[in-house]
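Trainee: Let's see this in three dimensions:
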Amino acid sequence: MSNTNFKFSNSVIGLPLFFVLFLWVVYWLQIRFDFDFYRFGIYPRDFVGLRGVLFSPFIHENLDHLYNNSIPLLILLAAMQFFYPKQTLGVIAYGILFSGLITWIVGRENFHIGASGLIYVLVSFIFFKGIQTKYYRLVALSLTVILLYGGMIWYVFPDVDQSISWEGHLAGLITGFVLSLFYKAPEYAKPIVYDWQRPDFDPDSDPFMKHFDENGNFVVFPDEEEEDLGYFLSSHPVNYIVTKKEATEEDGAQ
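Mentor: Got it, this is the predicted structure:
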């Protein structure tokens, strides 16, 4: 099976840059024209507040809020597009939708805005999907994500910081885990397994291995038929180069 996934393309850079640039454009419009985008956030258990499920990830409170979300999005979206190119758009779309719906159901009665819920979706998906595949590259990616963003787990609890939407973080974490179960693992090149590496390999019945003893020395069994040995030697030829040293005057003198 050929590896068709782990290949660099322009989308690995283009998708994160376009997404983050769009967030900055929205924030610029909000500041430049004094738009009140906050009311387009998620307002739990309010029918009008449902529109925030789609709009809230693109709205930020201030420059620090936007900056703190931009860097992780650049890194995580690039990792998603490189390692999970066929799943990226689905994870983004369904991640925004379902994490937003969960926040709308369980959140406090306040406007919930920001792309941090999507960040938790991406972190959760990359971590759990990599562990599930048991493929060394994806497992290494999972561990790298935890090393970089493992501290985010504390912000899914309500007592850490009441000024943040821990409900949105928790919703993103749950959504990413569920999506990791829903999406199939990407196809990747499987390592070559030789016959002698298989658990059912029997060296005594192998036509090659049976001619070596436990110390690795070549042996000929007394009861082995000559034609069988001849076939073995002809099928495993060993070529030697034979040279003849001509006698020199010095050799003759000696």
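Trainee: show me what contacts the residue positioned nearest the centre of the chain?
Mentor: Nearest to the geometric centre of the chain sits residue 138, at 3.8 Å (C-alpha atoms, centre = their mean). Shown in contact with residue 138 (C-beta atoms under 8 Å, 6 or more residues apart in numbering): 83, 129-130, 185. Using the backbone N, CA and C atoms, a C-beta is placed for each residue, glycine as well.
Trainee: Among those residues, which one lies nearest to residue 176?
Mentor: Nearest to residue 176 among these: residue 129, at 8.7 Å, using C-beta to C-beta.
Trainee: Isn't that closest one up against residue 84?
Mentor: Yes: using C-beta atoms under 8 Å, residue 129 is in contact with residue 84, at 7.1 Å.
Trainee: Of these two, give the one with the bigger neighbour count.
Mentor: Neighbour comparison, residue 129 and residue 84: the larger count goes to residue 129, with 26 against 23 (by other C-beta atoms under 10 Å).
Trainee: Can you give me the pLDDT of that one?
Mentor: If you check residue 129, the pLDDT there is 95.
Trainee: Secondary structure class of it, three-state.
Mentor: Put simply, residue 129 is helix when judged by DSSP: H, G, I helix; E, B strand; the rest coil.
Trainee: before we move on, what about residue 108?
Mentor: coil.
Trainee: Please tell me how far it sits from residue 36.
Mentor: 20 Å (C-beta to C-beta, to the nearest Å).
Trainee: okay, those two: which has more neighbours?
Mentor: Neighbour count, other C-beta under 10 Å: between residue 108 and residue 36, residue 108 has more, with 14 against 7.
Trainee: isn't that one right up against residue 166?
Mentor: No: using C-beta under 8 Å, residue 108 makes no contact with residue 166, being 9.2 Å away.
Trainee: any common contacting residues for residue 129 and residue 84?
Mentor: residue 183.
Trainee: residue ranges with poor pLDDT in the stretch 1-150 of the chain?
Mentor: 1-6 (pLDDT under 70).
Trainee: if we go to 80?
Mentor: 1-7 (pLDDT under 80).
Trainee: how about the helices in it?
Mentor: Ranges of helices within the stretch 1-150 of the chain are 10-32, 52-55, 63-83, 88-106, 116-133, 136-149, based on DSSP state H, counting those that start in this stretch.
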